Structure formats: structure tokens, C-alpha cells
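Participant: compute the structure for the input listed below.
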Amino acid sequence: MDTLARLVPFTRDVFLGGLERYNEAIWPTQVAAYVLVLLTIWFALRPFPGSARLVAAILSAAWLWTGVAYYMLHQAQINWAAWALGSVFVLQGLVFAATGAVRGRIDFRFTGEASGWAGMLLIGVAAIAYPLIGIGLGQGWPRMPLPGVAPGPTLVWTLGILLLAVPRVPWHLLFVPFLWSATGVAGALLLGLPQDFILPLAAFLTIVLAIRKNGRYRR
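Facilitator: Model (predicted):
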């Protein structure tokens, strides 16, 4: 617990206060982010030439925004590790851009298999369940993290989209989300944010289904 405490050098009230100021400062970017979440679902359900590049570009933009706007410009005021965390998010955004948006080496499509349904479930969790849990715990607007502009729900949304990748889930795009999901334990235990337990659970579900899906693809 002491090790976790050193990783989170602020209290719950300080964190939620910072999140409130962040959401107020970027409004109405959250509305645009939700539109982009819906577009990624639509493109997976109704793919067309170039739709996978658009999905990758959307995810790239979400990770870049979160890295720069959330971590580097806002969290840096209270978190000594904000620039390092932001840099990791920027790196993931650039990898998404290079792999999918520029090179077109990944495709996304809902196929009706277990990984596809799980992917849709995780997207729904990120967009609906994650903020609703916060509301139930007294963390209503503007003290709630939202997909596309804050790390937790953006990570869960990303894992959901990656489970829709066909024919296989690219492991190099999962490394940063898996690594970052471990921070959910710190948020849940030290900041009183039980919705952050979703992060390691989502990562575990993703890795199990990705192994299954990729193993079937090799055969």
C-alpha cells in the first residue's frame, strides 16, 4: 500500500477537483468525444473501404488528446508523474496513427464471435457504465472521467475496439493499455474510485480473448 501511495501523490478530493476543472475547461469537447465513440461502433458494424483507418485515427486522436490535454496540461499541476504518463499516451496515439491510420495494417469489424460481443460490451462499459458508477458514488458531472478525454474510460473503449480487430488482435497495440490498466488498482484503493477496478478486469478479459482469437487465426 505504501508503494501505491507514492504513485498517487494527491488525495481523492484534489483529484476530483482537478478533474472538475479539466472538464469545465474543455467543454464541449466531451460531446464530440461521444460522437466519435459512436462512430467507431458504427464503422465496426457497417465497415466500408477506409473505415478501419478512420477508427485508428479516432483512437489515435483520443490517446494524443488525453496525453497532452489531460496529463501534460492539467494533471501536471498535482502529479509529479504527469509528463511521463502523458508521454506514454502520446506514444500509444502515434502507434495507432502509424499502424492503422497511415499504413492501414489493421481492420475492425464486428463478426458476432465472443471477442466481438466482448468488444461491444467494453465499449458500452466505457461510455455508459463507467460514468454511471461514478454518479452512483457521488462523482457526477463535472467530476467524472469520460471516454476520449480521460484515461480510464478511454483505455476500456480502446480495449473494446481492439477486440473487434480482424483477423487477429495486434499485440503491439495492447502493450500500453495492459501496462496502464494496472494503475486502476491504485485509483480504486487509494482514491476511492471503485470503477477503476474495471481497468484490470477489462485487460484480463481482453488478453484471454485475444489469445484465443489469435490462436485460431494461426491455425
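
Participant: show me where the protein has its strands.
Facilitator: 107-108, 165-166 (DSSP state E).

Participant: partner strands of the first one and their direction?
Facilitator: By that I understand strand 107-108. Strand pairing for strand 107-108, determined by DSSP bridges: strand 165-166 (antiparallel).

Participant: starting at the chain centroid, how far to the partner strand?
Facilitator: Relative to the chain's own centre, strand 165-166 is displaced by 18 Å; criterion: C-alpha atoms, centre = their mean, to the nearest Å.

Participant: adding mean neighbour count, write the strands of the chain out as JSON lines.
Facilitator: In this view, the C-beta of every residue, glycine as well, is placed from N, C-alpha and C. JSON lines is the format used below for the strands of the chain (neighbours: other C-beta atoms under 10 Å):
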{"stretch": "strand 107-108", "mean neighbour count": "21"}
{"stretch": "strand 165-166", "mean neighbour count": "22"}
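
Participant: TSV please, covering those strands and showing distance to Val156 and mean pLDDT.
Facilitator: Shown next, in TSV, are the strands of the chain (distance: least, C-beta to C-beta, whole Å; pLDDT from 0 to 100):
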stretch	distance to Val156	mean pLDDT
strand 107-108	16	94
strand 165-166	16	94
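
Participant: for Gly140, find the nearest of those strands.
Facilitator: strand 107-108 (32.4 Å; C-beta to C-beta).

Participant: still on that earlier bit, redo the strands of the chain as a markdown table? Include distance to Tyr130.
Facilitator: Formatted as a markdown table, the strands of the chain follow (distance: least, C-beta to C-beta, whole Å):
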| stretch | distance to Tyr130 |
| --- | --- |
| strand 107-108 | 21 |
| strand 165-166 | 22 |
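
Participant: so where's this structure uncertain?
Facilitator: 1-9, 217-219 (pLDDT under 70).

Participant: longest helix anywhere in it?
Facilitator: Longest helix in the chain, counting residues (DSSP state H): helix 198-218.

Participant: how about the helices in this structure?
Facilitator: Assignment of helices within the chain using DSSP H yields the ranges 2-7, 12-26, 29-45, 51-65, 82-96, 114-124, 130-136, 151-162, 175-181, 183-190, 198-218.
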